[in-house]
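Student: missing the sequence, but the structure's below:
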């Protein structure tokens, strides 16, 4: 699933092609993509101009206006395999095209989604779709002191907590594994046992990892994630633990282990990320 760096990349690269453009027509070959009736979706967006494109957590938000006044938005979630790109118009936009928006320059903004999990919803306010989201990890609001305070208030294991979008927004499996390794923290450490020094290290690791991934336009470890320009991301070449089970740690040479934590595949270096001390921990199944 695309995470914060991939969605941020999509927003940055797609904006020049769509911001300022008016939506003239809608095709929705797969109705669930637009959350119901394509006719109702079309009524909500046709004749609107895109005034902005931005990211919140793993969502894309297209701000809309009509006759010079703000008039709702489109909120998109790529899920497992969704991808946006702008193309010249054609009668057949391909077998996996779930939505095509005709723009006023004649081109189409297309949402392609092989696995059909992605959604593009029309809403009055983006918050109506988001639900409860935590702070953005690259924002000023996400300060080291805030992270420490929030960690001390939780007794959950670190990895499931960091994946909780109501705790911090936009993180997923890849960047949590990479950040925990950078901070030298085991995914099963209880949040309220993280020291102040380690909380600051985790904060720096999260921000540093995300910024580095955005610079490389995200990670493409399968055939699904591609930028709006059709190119793969490059951050997968920098992975330190994720997807490297059985390979030597780039720091100490110990073999990277693949575990299951909270039903998620998890990659650690057993030496650089020592397990927590204390009562018996849940059994982890190596794969």
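Tutor: Nice, thanks for sending it over. Source: prediction; values computed, not measured.

Student: I'd assumed residue 176 was in a helix, is it?
Tutor: Yes: assignment of residue 176 by DSSP: H, G, I helix; E, B strand; the rest coil places it within a helix.

Student: Quick one: residues contacting the residue nearest to it when sequence neighbours are not counted.
Tutor: Once its chain neighbours are removed from consideration, residue 176 has its nearest residue in residue 162; the separation is 4.7 Å (C-beta to C-beta, 6 or more residues apart in numbering). Every C-beta, even on glycine, is put in place using the N, C-alpha and C of the backbone. If you count contacts by C-beta atoms under 8 Å, 6 or more residues apart in numbering, residue 162 has them with 168, 171, 176, 179, 180.

Student: for residue 162, phi and psi?
Tutor: The phi and psi torsions at residue 162 (degrees, to the nearest 10) take the values phi -70, psi -20.

Student: coming back round to it: quick one: the contacts of residue 162 as CSV, columns for distance to residue 13 and neighbour count too.
Tutor: Conversion of those to CSV gives the following (distance: C-beta to C-beta, whole Å; neighbours: other C-beta atoms under 10 Å):
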residue, distance to residue 13, neighbour count
168, 24, 23
171, 21, 24
176, 25, 25
179, 24, 25
180, 29, 26
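
Student: so which two of those residues are the farthest from each other?
Tutor: Looking at the contacts of residue 162 by C-beta to C-beta, the two members farthest from one another are 168 and 180, with 13.0 Å of separation.

Student: returning to that earlier point: TSV please, covering the contacts of residue 162 and showing secondary structure.
Tutor: Listed next are those as TSV, based on three-state DSSP:
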residue	secondary structure
168	coil
171	coil
176	helix
179	helix
180	helix
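
Student: what about residue 226, distance to residue 7?
Tutor: Taking C-beta to C-beta, to the nearest Å as the measure, residue 226 and residue 7 are separated by 13 Å.

Student: Can you name the residues bridging to residue 27?
Tutor: When bridges are assigned using DSSP bridges, the partners listed for residue 27 are residue 100.

Student: how close does it sit to residue 19?
Tutor: Relative to residue 19, residue 27 is positioned 21 Å away (criterion: C-beta to C-beta).

Student: How about residue 259?
Tutor: According to C-beta to C-beta, residue 259 and residue 19 sit 43 Å apart.

Student: Show me which of those two is the more surrounded one.
Tutor: Higher neighbour count among residue 259 and residue 19: residue 259, with 19 against 14, using other C-beta atoms under 10 Å.

Student: what are the bridge partners for the more buried one, then?
Tutor: Listed by DSSP bridges, the beta-bridge partners for residue 259 are residue 266.

Student: Pick out whichever of residue 226 and residue 7 has more residues nearby.
Tutor: residue 7 (23 against 19).

Student: from memory the more buried one sits against residue 53, does it?
Tutor: No: Residue 7 is beyond contact range of residue 53, at 11.0 Å (criterion: C-beta atoms under 8 Å).

Student: Give the residues shared as contacts by those two.
Tutor: Listed contacts common to residue 7 and residue 53 are residue 60; contacts here mean C-beta under 8 Å, 6+ apart.

Student: for the stretch 151-287 of the chain, which spans come out with low pLDDT?
Tutor: Along the stretch 151-287 of the chain, segments meeting pLDDT under 70 span 278-287.

Student: how about a cut-off of 90?
Tutor: In the predicted model of the stretch 151-287 of the chain, residues 221-225, 262, 277-287 satisfy pLDDT under 90.

Student: just so I have it, where are all the strands in it?
Tutor: Assigned by DSSP state E, counting those that start in this stretch, the stretch 151-287 of the chain shows strands spanning 257-261, 264-268.

Student: export those strands to TSV and tack on distance to residue 120?
Tutor: Listed next are the strands of the stretch 151-287 of the chain as TSV, based on distance: least, C-beta to C-beta, whole Å:
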stretch	distance to residue 120
strand 257-261	32
strand 264-268	26
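
Student: looking at those, which is closest to residue 196?
Tutor: Within the strands of the stretch 151-287 of the chain, the stretch nearest residue 196 is strand 264-268; the backing value is 22.6 Å (C-beta to C-beta).

Student: quick one, the closest one and strand 257-261 angle?
Tutor: Per axes from the mean of the first three to the mean of the last three C-alpha atoms, to 10 degrees, the angle that strand 264-268 makes with strand 257-261 is 140 degrees.

Student: Lovely, talk soon.
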